[in-house]
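J.: One predicted model, sequence on top.
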Amino acid sequence: MRTMSRILAAVLVAVFALVAPGAARADVITGRPVRIMPLGDSITWGAGSTTTSSYRADLWKRLVGGAGLAVDLVGSGQSGSLPDTDNEGHSGWRIEQITASIDGWLATSRPDVVLLHIGTNDMNQNFDVAGAPGRLGTLLDHIHAGAPSAVVLVAQIVPALDATINARINTFNAAVPSVLSGRAYTRLVDLNSTITNADLNDTLHPNDGGYTKMADLWYAALEGVLGGGRDWPLARTGLEPGETAPTWTDTVDASSNVGGYNANLTKMETGPRAETARGGANALMYSGNDLSATGSYSYMKVFDTHLRLAANSVLTYWIYPQQANGTYVAIDLRFTDGSSLRDSGATDQYGVRAHPQFQGQGGHLVLNQWNLVRVNLSALAGRTVDRVHLGYDQPAGTGVFRGYVDDLAVSDSTREAAAPAAAVNLALEHPASASAACVAAEDAAKAIDGTTGNNSKWCTGVSDASWQVDLGAPAAVRTVIVRHASSGGERLAWNTRAYHVDSSVDGTTWATFATVTGNADGVTATTAGPVSARYVRVVVDAGQQDGVVGTRIYEVEVFGA
């Protein structure tokens, strides 16, 4: 898969702070995973989930694979099917029962972040409902006393199918914001308003779809706690195994005058294919036949999502049209309020509207090659993406169309929102050299091919190894991003612990650009200058990872001022 966040240039940090609202934080996490405690009742444990993974599996995947964080889930219990099953989910427990045990759990686990979803059993058992907000405040005070540096994300709890129980839940949730008032170490997370009856497995517990929505909401809330300026992918897929797969295949949402690509088909197609891909093996193929010269369209449902957009959100994807009609295709976002990206007026990096018709008329999509489309979504901040569609829309002309879309991402990136045209990876596919590779297929070029999929990395067993790229011409270099072993799906312990970045105008005289030590994350970045440089190199200072001499770097990205 092509790593789309390489295009979403963000000012990342290798050492990031946990910042609570209203309070400056001096403590930082370095050289170890961030410890996150999932805390609550059976919903945290995973009742109703087919794997008892609750929201934790999806959240883990997004934090580690998406945001590139080193994460350690902590707790005295284990449940679910994910790399780290630790949690403090206790079936049937009420708020005061959690409070009675929290001091010992905190002393053992020492969390940096607590994800608290509690109160469902108080409401289900009709246990002193009026006193529940006060009990929640007492629990929060215990958490703060036992883990004074931790940030506590507090949920407005999910709904219930039973109307009487749900009325109590609504009353409790309405009181939660006032409980958090004055407790600067807390943040409110609304897990209630977007969970529907269809997302529940039984009266109280979410089903797998509901837990995925919970993971989305926790992940969005954690951006403000763990983001630290890094790019924060809300959704990302290259259609490869283990990555997000389409929810729907060949599924029409709305269509007029569009038939199948050949006589055996009656409608437009959309689905994964191992035919033409930008990186890895797979891409999303689309095809159809425009049957009218006076107006034709077909909008296909592809992904079911739940993504809340911010002022720094961007959409990126790559498209490979094979016929002229195939350029009248675009990714479309459908929002929970019924609106859509195509009708929003949002534009791509060329100022062309993000609408299939205008994309085709814009003249920037070249046939039979991969074209990047990057759409600034800042004007749509606050809206929630409900579904991702792929649309064909052609006001004139007939005939067949076919092509591919790959490496789709919706991400938050401060720099992208401020200056989308500047978000260009200067190192991509430029000449590179490095210390001897582990094998021929893992040479220096693999670190600038734009993908972390299919084991595409530079690997070396040399101590004090180095890697460098020729940008082709002097540029004002501002940020260098390095994607380590875990960004390609390998062990967290193999991430490069220490390295420094050098810059040079002539390839002979070098100056230190920045230094990273004590790293544990899969994605790191250094920001300085800007400095004028044609050559950039990464020198590994800790050449032993997890007891083995070696370095695994999946991608190095260089961005200008």
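T.: Received the coordinates, thanks.

J.: show me where the stretch 201-350 of the chain has helices.
T.: Taking DSSP state H, counting those that start in this stretch, the helices of the stretch 201-350 of the chain run over residues 208-226.

J.: Show me the shaky parts of it.
T.: Residues of the stretch 201-350 of the chain that meet the criterion pLDDT under 70 lie in 228-231.

J.: Tell me the secondary structure at Ile169.
T.: Here Ile169 is recorded as helix under DSSP: H, G, I helix; E, B strand; the rest coil.

J.: For the stretch 451-561 of the chain, just list every one of the strands.
T.: 458-460, 466-483, 499-504, 511-516, 523-540, 544-545, 548-549, 551-553, 555-560 (DSSP state E, counting those that start in this stretch).

J.: From Arg62, how far off is the closest residue to Leu408 other than its chain neighbours?
T.: Excluding its sequence neighbours, the residue lying closest to Leu408 (Cβ to Cβ, 6 or more residues apart in numbering) is Tyr317, at 4.4 Å. (Glycine included, C-beta is placed from N, CA and C.) The gap separating Tyr317 from Arg62 is 19 Å, by Cβ to Cβ, to the nearest Å.

J.: Show me what the spatially most central residue of the chain is bridged to.
T.: Relative to the mean C-alpha position of the chain, the nearest C-alpha, by Cα atoms, centre = their mean, is the one of Pro233, at 2.8 Å. When bridges are called by DSSP bridges, Pro233 pairs up with Ser411.

J.: close enough to count as contact, it and Val410?
T.: Yes: Pro233 is within contact range of Val410, at 7.4 Å (criterion: Cβ atoms under 8 Å).

J.: what stretches of this structure score poorly on pLDDT?
T.: 1-31, 228-231, 413-423, 544, 546.

J.: in stretch 368-379, what counts as buried?
T.: By 16 or more other Cβ atoms under 10 Å, the buried positions in stretch 368-379 come out as Trp370, Asn371, Leu372, Val373, Arg374, Val375, Asn376, Leu377, Ser378.

J.: Show the residue spans covered by the helices in the stretch 51-200 of the chain.
T.: Going by DSSP H, counting those that start in this stretch, the stretch 51-200 of the chain shows helices at 56-61, 95-109, 120-124, 132-146, 163-180.

J.: Which one, of those helices, ends up nearest to Leu471?
T.: helix 56-61 (33.6 Å; Cβ to Cβ).

J.: Which strands or helices does that closest one pack on?
T.: Counting contacts by 3 or more Cβ pairs under 8 Å, 6 or more residues apart in numbering; DSSP states H and E, helix 56-61 packs against strand 71-73, helix 208-226.

J.: Mean neighbour count and distance to Gly488 for the ones you listed - can I get that in TSV?
T.: Formatted as TSV, those follow (neighbours: other Cβ atoms under 10 Å; distance: least, Cβ to Cβ, whole Å):
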stretch	mean neighbour count	distance to Gly488
strand 71-73	22	17
helix 208-226	22	21
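
J.: Quick one, which of these gets closest to Thr52.
T.: Of the helices and strands packed on helix 56-61, nearest to Thr52 by Cβ to Cβ is helix 208-226, at 10.2 Å.

J.: Who are the packing partners of the closest one?
T.: Short answer (3+ Cβ pairs under 8 Å, 6+ apart): helix 208-226 packs on helix 56-61, strand 113-117, strand 151-156, strand 186-190, strand 232-237, strand 296-308.

J.: Turn the helices and strands packed on helix 56-61 into TSV, including distance to Pro33.
T.: What follows is the helices and strands packed on helix 56-61, written out as TSV (distance: least, Cβ to Cβ, whole Å):
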stretch	distance to Pro33
strand 71-73	4
helix 208-226	11
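
J.: Out of these, which gets nearest to His117?
T.: helix 208-226 (8.0 Å).

J.: by how many degrees do the closest one and strand 113-117 diverge?
T.: Calculated by axes from the mean of the first three to the mean of the last three Cα atoms, to 10 degrees, helix 208-226 forms an angle of 140 degrees with strand 113-117.

J.: can you give me how far helix 208-226 is from the chain middle?
T.: 10 Å (Cα atoms, centre = their mean, to the nearest Å).

J.: CA atoms of it as CSV?
T.: Extracted C-alpha coordinates of helix 208-226, given in CSV (Å, rounded to 0.1, in the frame of the first residue of the first chain):
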residue,chain,number,x,y,z
ASP,A,208,-19.2,-5.5,16.2
GLY,A,209,-20.4,-2.5,14.1
GLY,A,210,-21.2,-0.5,17.3
TYR,A,211,-17.8,-1.3,18.7
THR,A,212,-16.2,-0.1,15.5
LYS,A,213,-18.0,3.2,15.9
MET,A,214,-16.8,3.4,19.5
ALA,A,215,-13.3,2.9,18.4
ASP,A,216,-13.7,5.7,15.8
LEU,A,217,-14.9,8.1,18.5
TRP,A,218,-12.2,7.2,21.0
TYR,A,219,-9.6,7.5,18.3
ALA,A,220,-10.8,10.9,17.2
ALA,A,221,-10.8,12.1,20.9
LEU,A,222,-7.2,10.8,21.4
GLU,A,223,-5.9,13.0,18.6
GLY,A,224,-6.0,16.0,21.0
VAL,A,225,-4.2,14.0,23.6
LEU,A,226,-1.6,12.0,21.6
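
J.: how big is the angle separating it from strand 232-237?
T.: 140 degrees.

J.: Which one of the helices and strands packed on helix 208-226 lies nearest to Gly550?
T.: helix 56-61 (25.6 Å).

J.: which residues are contacting the closest one?
T.: The contact list for helix 56-61 (Cβ atoms under 8 Å, 6 or more residues apart in numbering) reads 38, 44, 46, 51, 71, 73, 80-85, 87, 211-212, 215-216, 218-219.
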